[in-house]
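[1] Below is the structure, and that's it, no one-letter string:
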């Protein structure tokens with residue numbers, strides 16, 4: 001799986017925007033104004049940071065050596081995921097989960113605006 005495939009998957013979701021707020025290499029994807037995925041475009045192997053429910057984070061970290069607490073982020077809620085060796089279905093599930101967690105944290109008004117867009 002490559003960065004373009006992940007980017008296309010994310011951009012197909014409602015109200016997703018992309019930007020480079022930190023540097024020219026770290027792509028940030030947001031739903032409305034909140035981050036749900038970060039991707040280091042120059043890093044090899046390709047790695048993404050996604051938000052994850054804390055209980056599921058613990059399970060994922062035990063089960064997959066490619067999934068660890070996210071560097072420079074709240075490790076209770078964010079995971080770094082090295083995509084090499086992981087099934088694409090799991091990567092898409094992690095992206096969906098991150099998007100859904102962030103979407104649910106938006107105000108009801110914003111959620112309704114996005115859903116009715």
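    Ah, there it is. Just so it is clear, the model here is predicted, and its values are computed rather than measured.

[2] Just the pLDDT for residue 81.
    For residue 81, the pLDDT comes out at 96.

[3] Can you tell me the strand partners of the host helix or strand of it and which way each runs?
    In this structure, residue 81 sits in strand 78-82 according to DSSP states H and E. When pairing is defined by DSSP bridges, strand 78-82 lines up against strand 47-51 (antiparallel), strand 67-69 (antiparallel).

[4] for the record, mean pLDDT for the first one?
    Looking back up the chat, that one is strand 47-51. 96.

[5] how many neighbours does the spatially closest residue to residue 27 that is not a sequence neighbour have?
    Closest residue in space to residue 27, ignoring its immediate chain neighbours: residue 39 at 4.7 Å, by Cβ to Cβ, 6 or more residues apart in numbering. (Glycine included, C-beta is placed from N, CA and C.) Applying other Cβ atoms under 10 Å, we find 22 residues neighbouring residue 39.

[6] What helix or strand is residue 39 located in?
    strand 34-40.

[7] Could I get the buried residue list for that strand?
    35-40 (16 or more other Cβ atoms under 10 Å).

[8] Among these, which one sits closest to residue 53?
    residue 36 (13.2 Å; Cβ to Cβ).

[9] Looks like that closest one contacts residue 48 (just checking).
    No. At 10.3 Å, residue 36 does not count as touching residue 48 under the criterion of Cβ atoms under 8 Å.

[10] Quick check: neighbours shared by those two?
    The contact sets of residue 36 and residue 48 overlap at residue 95 (Cβ atoms under 8 Å, 6 or more residues apart in numbering).

[11] Need the contact partners of stretch 92-102.
    By Cβ under 8 Å, 6+ apart, stretch 92-102 touches 6, 9-10, 13, 16, 30-31, 34-37, 48, 50-53, 56, 60, 79, 81.
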